[in-house]
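Q: dropping the sequence and predicted coords here.
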Amino acid sequence: MRDFWEDIRREFPVVRRWIYFNHAGVAPVPARTAAAVQLFMDEALYNGACVYDRWMARVEGVRRQFAGIIGAYPGEIAFVKNTSHGLSIVANGLDWNKGDNIVTARGEFPANIYPWMALKDRGVELRTVMPRNGRVAVEDLAKAIDARTRLLTISSVEFGNGFRNDLESIGRLCKEKNILFCVDAIQSLGALPLDVRKCYIDFLSTDGHKWLLAPEGTGCFYCSMEKLDLLKPPLIGWNSVKNSRDYSHYNFTLRPDAQRFEEGSPSVMGISALGASLGLLQEIGLDKIEERVLFITDRIISGLEERGYAIRTPRGDGEKSGIVSFQSRKPATILQQLLAGKDVACAARDGALRVSPHFYNSEEEVNRFFGILDEVDVTAKANKRGEK
């Protein structure tokens, strides 16, 4: 009997050349996702806009898919360009008062820093909590909150070392303190389950090009229906309003759901591609994917420990994700280049090498990765000789 994961690997021609351990950067797409793009292009090539209603039905189907993955309602989902776009909707849509503050963590990806820093000229303070031993402590976030805190924003998984934030505890804290909770979910969605209601999340933003296995520029934004009217859409267009296809009569009444943040025509091709990738994830199941991803990363961590590498990724219960970060005596950028020359895709981040496998990666690839790592990094070879 064929192995389940071996069958899944057929969807990923990238494995014919690469050991692809860079899903925390930009992921390859499955074969079905490429086929979805080709289908759209064929439809546009031979039919023009005569199948537009079919396209819009497809867009709404993908909206339902994404809503289902995060435990939301379809009306709480807007399609956006990328994670930054969704976070900027929140930053620029809230009615800030001078003296308000926002709490986040030091080490967040810039997409979850700059939109909030830009509020400084409106008298809004951004407070950054320092991690402890690579971990963002919930109690430290709590200490940074005061009577003028309006919002706490955090990544579901920290992009540098892969620490998995305790979103449920943080969300409960925000609910108790009556402050808004915003999540950058790009480093977890597609690899780890996430439920916006269980975690009391008010706003969430992501792009599809990492663990969701979709092309760049296929972002999704979640806004809880209860918080919808707190956000004034920073961009307004013909599609922001009810009865948007009634082009001859102007009626500036915003849509009653998150589609008010979709100011113009959607990226039908990109959304179609996202839908194909979401379909694969749903077929496998997020719980099964999480189990597989953590199994592969555990194998990588064990091999790194055997070779004496300094591992920066927290490894406690509930702390691990699809990211493993480690340091060598060799500069990470040099090690990344040497590995790329041997067809291993990974990334250098903050002085460490970051590897991020997905469910379709195999144990055999992990073994080959270590064989190549031993070949290109003299530190590993020296450590192995010392153990003999």
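A: Here it is on my side, so go on. The structure presented is a predicted model; accordingly, all values stated were derived computationally and were not measured.
Q: let me see the domain layout of the chain.
A: For the chain, automatic domain parsing gives the domain ranges 4-21+286-387, 33-282.
Q: out of those, which gets nearest to A27?
A: domain 33-282 (5.1 Å; C-beta to C-beta). C-betas here are computed from N, CA, C, even on glycine.
Q: could you tell me the least trusted of the domains of the chain?
A: The weakest mean pLDDT among those belongs to domain 4-21+286-387, with a mean of 93.
Q: need the domains of the chain in TSV with distance to A27 and mean neighbour count, can you?
A: Shown next, in TSV, are the domains of the chain (distance: least, C-beta to C-beta, whole Å; neighbours: other C-beta atoms under 10 Å):
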stretch	distance to A27	mean neighbour count
domain 4-21+286-387	7	18
domain 33-282	5	19
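Q: now the helices for the chain?
A: In the chain, the helices defined using DSSP state H lie at 4-8, 31-47, 52-70, 83-93, 114-117, 138-144, 167-177, 268-284, 286-306, 332-340, 363-376, 378-387.
Q: same list (those) but as a markdown table, adding distance to L212.
A: A markdown table is the format used below for the helices of the chain (distance: least, C-beta to C-beta, whole Å):
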| stretch | distance to L212 |
| --- | --- |
| helix 4-8 | 16 |
| helix 31-47 | 10 |
| helix 52-70 | 9 |
| helix 83-93 | 11 |
| helix 114-117 | 21 |
| helix 138-144 | 27 |
| helix 167-177 | 18 |
| helix 268-284 | 6 |
| helix 286-306 | 11 |
| helix 332-340 | 24 |
| helix 363-376 | 21 |
| helix 378-387 | 33 |
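Q: among those helices, which is nearest G160?
A: G160 lies closest, by C-beta to C-beta, to one member of the helices of the chain: helix 332-340, at 11.4 Å.
Q: if I take that closest one and helix 363-376, what angle do their directions form?
A: 120 degrees (axes from the mean of the first three to the mean of the last three C-alpha atoms, to 10 degrees).
Q: what is helix 332-340 packed up against?
A: For helix 332-340, the elements it packs on are strand 347-349, strand 352-355, helix 363-376, judged by 3 or more C-beta pairs under 8 Å, 6 or more residues apart in numbering; DSSP states H and E.
Q: do that again at 10 Å, thanks
A: strand 324-327, strand 344-345, strand 347-349, strand 352-355, helix 363-376 (3 or more C-beta pairs under 10 Å, 6 or more residues apart in numbering; DSSP states H and E).
Q: among those, which comes closest to A273?
A: strand 344-345 (20.4 Å).
Q: partner strands of that closest one, with direction?
A: Each strand paired with strand 344-345, and its direction, by DSSP bridges: strand 19-20 (parallel).
Q: off-centre distance for the strand it pairs with?
A: Put simply, strand 19-20 sits 19 Å off its chain's centre (C-alpha atoms, centre = their mean, to the nearest Å).
Q: just stretch 248-255 next, same as before
A: That offset, for stretch 248-255, works out to 34 Å (C-alpha atoms, centre = their mean).
Q: also stretch 331-345?
A: On the basis of C-alpha atoms, centre = their mean, stretch 331-345 sits 24 Å off its chain's mean C-alpha point.
Q: and the contacts of that stretch?
A: With contacts defined as C-beta atoms under 10 Å, 6 or more residues apart in numbering, stretch 331-345 is touched by 14, 17-23, 25-28, 325-330, 346-356, 365, 368-369, 371-373, 375-377, 379.
Q: end-to-end on it?
A: In stretch 331-345, first residue to last residue: 16 Å (C-alpha to C-alpha, to the nearest Å).
Q: and for stretch 24-34?
A: From its first residue to its last, stretch 24-34 covers 20 Å (C-alpha to C-alpha).
Q: export the helices and strands packed on helix 332-340 as a markdown table, with columns for distance to R255.
A: Output for the helices and strands packed on helix 332-340, formatted as a markdown table (distance: least, C-beta to C-beta, whole Å):
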| stretch | distance to R255 |
| --- | --- |
| strand 324-327 | 42 |
| strand 344-345 | 41 |
| strand 347-349 | 39 |
| strand 352-355 | 40 |
| helix 363-376 | 46 |
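Q: who's in contact with stretch 238-253?
A: By C-beta under 10 Å, 6+ apart, stretch 238-253 touches 233, 236-237, 254-256, 259-266.
Q: with only the CA atoms kept, save that stretch in CSV.
A: This file holds the C-alpha atoms of stretch 238-253, laid out as CSV (Å, rounded to 0.1, in the frame of the first residue of the first chain):
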residue,chain,number,x,y,z
TRP,A,238,-17.5,51.4,-6.3
ASN,A,239,-17.6,48.0,-4.6
SER,A,240,-17.6,49.3,-1.0
VAL,A,241,-21.4,49.9,-1.1
LYS,A,242,-24.6,48.0,-1.2
ASN,A,243,-26.1,47.5,-4.6
SER,A,244,-22.7,48.1,-6.1
ARG,A,245,-23.7,47.0,-9.5
ASP,A,246,-26.3,49.6,-9.8
TYR,A,247,-23.9,52.0,-11.5
SER,A,248,-26.4,54.7,-12.5
HIS,A,249,-27.7,55.5,-9.0
TYR,A,250,-25.4,56.8,-6.3
ASN,A,251,-26.2,55.5,-2.8
PHE,A,252,-23.4,55.7,-0.4
THR,A,253,-24.5,53.0,2.0
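Q: just how off-centre is that stretch within its chain?
A: With C-alpha atoms, centre = their mean, you get 33 Å for stretch 238-253.
Q: about what we covered before: which pair of the contacts of stretch 238-253 spans the longest distance?
A: Among the contacts of stretch 238-253, P256 and S265 lie farthest apart (C-beta to C-beta), at 20.3 Å.
Q: related to what we said a few turns ago, pick out whichever of the contacts of stretch 238-253 sits closest to I311.
A: Of all the contacts of stretch 238-253, F261 has the smallest distance to I311: 40.2 Å, by C-beta to C-beta.
Q: tell me if I'm right that the closest one and K81 touch.
A: No. Counting by C-beta atoms under 10 Å, F261 stays clear of K81, with 11.2 Å between them.
Q: noted, bye for now.
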